[in-house]
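Asker: what's the 3D shape of this:
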Amino acid sequence: MSPRLLRRIVTCLALAVFLSAAIVLWQPIPVELTQTPGEQHRRSFGSSEGSSTPQPQVLEQKLTVRDFESYWQQPLRRALYDPPPPPPPPPKVVEIPPPRPITARLLATMIEPGNSMAMLQLQTGEVVFRKLGDEIGASDTGATISAIEEGVVNVERDKVVTKLAVSNQGAR
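Answerer: Numbers count the residues shown, from 1 in each chain. Okay, here's the model as predicted:
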């Protein structure tokens with residue numbers, strides 16, 4: 001087959017497709033009358049009893065300008081920017097209750113390298129000596145001594161550090 005003959009065949013096929021598409025689009029669109037779902041079912045699958053039921057009439061209807069008015073009123077252009085995102089919800093405020101106060105009183109501190117001690121008076125009136133890392137007492141559960149400095153002791157309870165200082169009431 002020569003290239004010239006192949007080109008003529010392809011051109012004729014393209015022309016035939018174009019003409020058949022124009023003929024299909026040129027004919028008016030048939031519109032059927034409304035039917036019940038049972039009639040549609042019988043019509044699409046056929047009836048086993050023969051065709052004793054009347055076929056719906058086919059009407060030809062041409063589209064008019066009024067059929068397209070609702071589409072013409074819709075804007076074709078989108079906004080050039082997206083609307084801003086909604087503001088984030090306000091953060092939930094979690095109120096942390098204030099730490100329980102330390103009931104023990106610091107009476108004195110003894111500072112020595114590697115052996116510092118604090119003299120504390122507990123709520124019961126008992127005087128005790130505590131080292132670095134020791135728990136204060138039964139009334140102050142969970143409170144441990146984290147640092148001992150001159151006249152000041154840091155006590156940590158529930159990740160909250162409280163400073164106890166020596167009171168100067170009995171000093172001369």
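
Asker: low-scoring stretches of the protein, by residue?
Answerer: Within the chain, the stretches with pLDDT under 70 are 30-59, 169-172.

Asker: where do the strands sit along it?
Answerer: 30-32, 58-60, 105-110, 117-121, 127-131, 144-149, 152-157, 160-165 (DSSP state E).

Asker: Minimum distance to Leu5: which of those has it?
Answerer: Between Leu5 and these, the tightest spacing by C-beta to C-beta is seen for strand 30-32, at 40.8 Å. Backbone N, C-alpha and C define where each C-beta goes, glycine included.

Asker: so where's the longest helix in this structure?
Answerer: Ordering each helix of the chain by length in residues (DSSP state H) puts helix 3-26 first.

Asker: Any idea how far that helix is from the middle of the chain?
Answerer: Once both centres are worked out by C-alpha atoms, centre = their mean, to the nearest Å, helix 3-26 turns out to sit 56 Å from its chain's centre.

Asker: Likewise for stretch 85-105?
Answerer: For stretch 85-105, the distance to the chain centre is 24 Å (C-alpha atoms, centre = their mean).

Asker: what does stretch 110-128 give?
Answerer: Distance, centroid of stretch 110-128 to centroid of chain: 53 Å (C-alpha atoms, centre = their mean).

Asker: Regarding that stretch, how distant is the last residue from the first?
Answerer: Using C-alpha to C-alpha, to the nearest Å, one end of stretch 110-128 lies 13 Å from the other.

Asker: Touching it from outside, list them.
Answerer: Identification of contacts with stretch 110-128 by C-beta atoms under 8 Å, 6 or more residues apart in numbering yields 103-109, 129-132, 136-140, 145, 148-150, 153, 164.

Asker: With stretch 7-21 instead?
Answerer: For stretch 7-21, there are no surrounding residues in contact (C-beta under 8 Å, 6+ apart).

Asker: So which bits of that stretch are buried?
Answerer: By neighbour count with 16 or more other C-beta atoms under 10 Å, stretch 7-21 contains no buried residues.

Asker: Nearest residue to the middle of the protein?
Answerer: Nearest to the geometric centre of the chain sits Pro88, at 10.8 Å (C-alpha atoms, centre = their mean).

Asker: Pull out the buried members of the contacts of stretch 110-128.
Answerer: For the contacts of stretch 110-128, a burial check counting by 16+ other C-beta under 10 Å picks out 104-107, 109, 130, 132, 136-137, 140, 145, 148, 153, 164.

Asker: Now distance to Cys12 too, for the residues you listed, in CSV please.
Answerer: CSV is the format used below for the buried ones among the contacts of stretch 110-128 (distance: C-beta to C-beta, whole Å):
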residue, distance to Cys12
Ala104, 108
Arg105, 111
Leu106, 109
Leu107, 115
Thr109, 110
Arg130, 107
Leu132, 103
Ile136, 105
Gly137, 107
Asp140, 103
Ile145, 103
Ile148, 105
Val153, 105
Leu164, 105
